[in-house]
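Colleague: Okay, here's the prediction I keep looking at, along with the sequence it came from:
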Amino acid sequence: MLSSAASPFLRHIERCRNATLPAGRLPLLHEGTSIGLVDPASLDWLADPACTGLLTVTDRAVTLPDGQNLRQVSNLLARQKRYVPFHEWFDVRSPDGTIIGQVDRALIPVFGVEASGVHMNGLVRKEAGLYLWVARRSPQKRLDPGKLDHLVAGGMSSGLTPDETLAKEAEEEAAIPAPLARQARHVSTLHYAMSRPEGLRRDRLYCYDLFLPQDFVPHINDGEVESFHLMPVEEVFRRVRETDEFKFNVNLVLLDLFLRLGMFDKQDSLVLADILHGRG
């Protein structure tokens with residue numbers, strides 16, 4: 001049982017785990033194994049004669065005979081204007097982690113395949129206490145425009161490891177030099193399945209901490225961020241508890257940070273940690 005002080009944080013976990021699978025979605029099969037869950041609303045796209053040979057669609061499943069067909073399907077559906085592509089390829093993996101093909105990032109929630117990303121807590125120690133660099137997302141972002149975000153966060157593009165993705169995003173989003181970004185430490189990995197307007201998100205988040213020099217100031221580098229703000233971690237804690245200002249999945253990574261910093265009492269910490277990490 002959570003105390004009244006900690007219970008408001010539970011809504012963020014529940015929001016990100018609002019999908020009870022399969023929830024009417026059809027399995028996407030490759031070599032007899034499910035690698036995704038297809039939105040029924042997209043079945044008419046995939047049953048189009050243009051997809052013949054690339055996919056087999058029945059009322060029970062969508063079968064992918066060759067993982068490399070995913071690129072062809074992505075390009076075909078983009079030409080048909082079925083979706084707005086990101087023009088960014090993400091690896092699609094089997095349950096054992098084998099890469100079987102690539103898909104345009106925008107189709108990940110349509111096919112319900114698992115995607116990976118990195119989130120980094122940019123921390124600064126001062127005499128007054130611990131601070132966190134917070135970004136405000138550009139109002140032009142396709143997803144969650146204007147929301148508060150991590151200093152560095154991004155999806156894991158095809159061919160990159162989590163560490164490589166972190167270094168890439170750190171330079172692109174906040175102009176963090178590679179030698180400094182390499183000091184970031186992987187501290188946690190989080191999972192969730194969430195129904196969103198764009199479809200089903202089955203995300204794996206690699207969470208990092210990086211302690212930055214007091215004189216470091218991030219710079220807007222790629223237009224994905226509107227501004228950066230250095231906040232006391234207690235203020236970030238308050239905003240996560242009392243508001244929905246942060247992008248939906250950022251709240252999970254911040255909750256993991258708060259737990260590691262000992263910002264909850266012992267009983268609340270045990271309960272929240274078990275729920276956050278899927279043990280409760």
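Modeller: Happy to help now that I have it. Residues are numbered from 1 along each chain as shown.

Colleague: for the record, mean pLDDT for the helix or strand where Leu76 lies?
Modeller: For Leu76, the host element (DSSP states H and E) is helix 69-79. With pLDDT averaged residue by residue, helix 69-79 scores 96.

Colleague: Off-centre distance for that helix?
Modeller: 23 Å (C-alpha atoms, centre = their mean, to the nearest Å).

Colleague: list the buried ones in that helix?
Modeller: By 16 or more other C-beta atoms under 10 Å, the buried positions in helix 69-79 come out as 69-74, 76-78. To be clear about C-beta, it is placed using only N, CA and C from the backbone, and glycine gets the same treatment.

Colleague: can you redo those residues as a markdown table with distance to Val152?
Modeller: Formatted as a markdown table, the buried residues of helix 69-79 follow (distance: C-beta to C-beta, whole Å):
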| residue | distance to Val152 |
| --- | --- |
| Asn69 | 34 |
| Leu70 | 28 |
| Arg71 | 28 |
| Gln72 | 33 |
| Val73 | 31 |
| Ser74 | 27 |
| Leu76 | 34 |
| Leu77 | 31 |
| Ala78 | 29 |
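
Colleague: Could you list the low-confidence segments of the stretch 151-280 of the chain?
Modeller: Filtered on pLDDT under 70, the stretch 151-280 of the chain yields the residue ranges 279-280.

Colleague: Would you give the sheet partners of the helix or strand that comes right after the helix holding Leu76, along with the direction of each?
Modeller: Where DSSP H and E defines the elements, the next helix or strand beyond helix 69-79 is strand 89-93. With DSSP bridges as the test, strand 89-93 is paired with strand 99-104 (antiparallel).

Colleague: which residue sits closest to Leu151, ignoring its sequence neighbours?
Modeller: Spatial nearest neighbour of Leu151, excluding adjacent residues (C-beta to C-beta, 6 or more residues apart in numbering): Gly122 at 3.4 Å.

Colleague: meant to ask about Gln140
Modeller: Gly223 (7.5 Å).

Colleague: was I right about Val253 contacting Asp203?
Modeller: No. Applying C-beta atoms under 8 Å, one finds Val253 not in contact with Asp203, separated by 11.1 Å.

Colleague: Of these two, which one has the most company?
Modeller: Taking neighbours as other C-beta atoms under 10 Å, Val253 and Asp203 compare with Val253 leading, 25 against 19.
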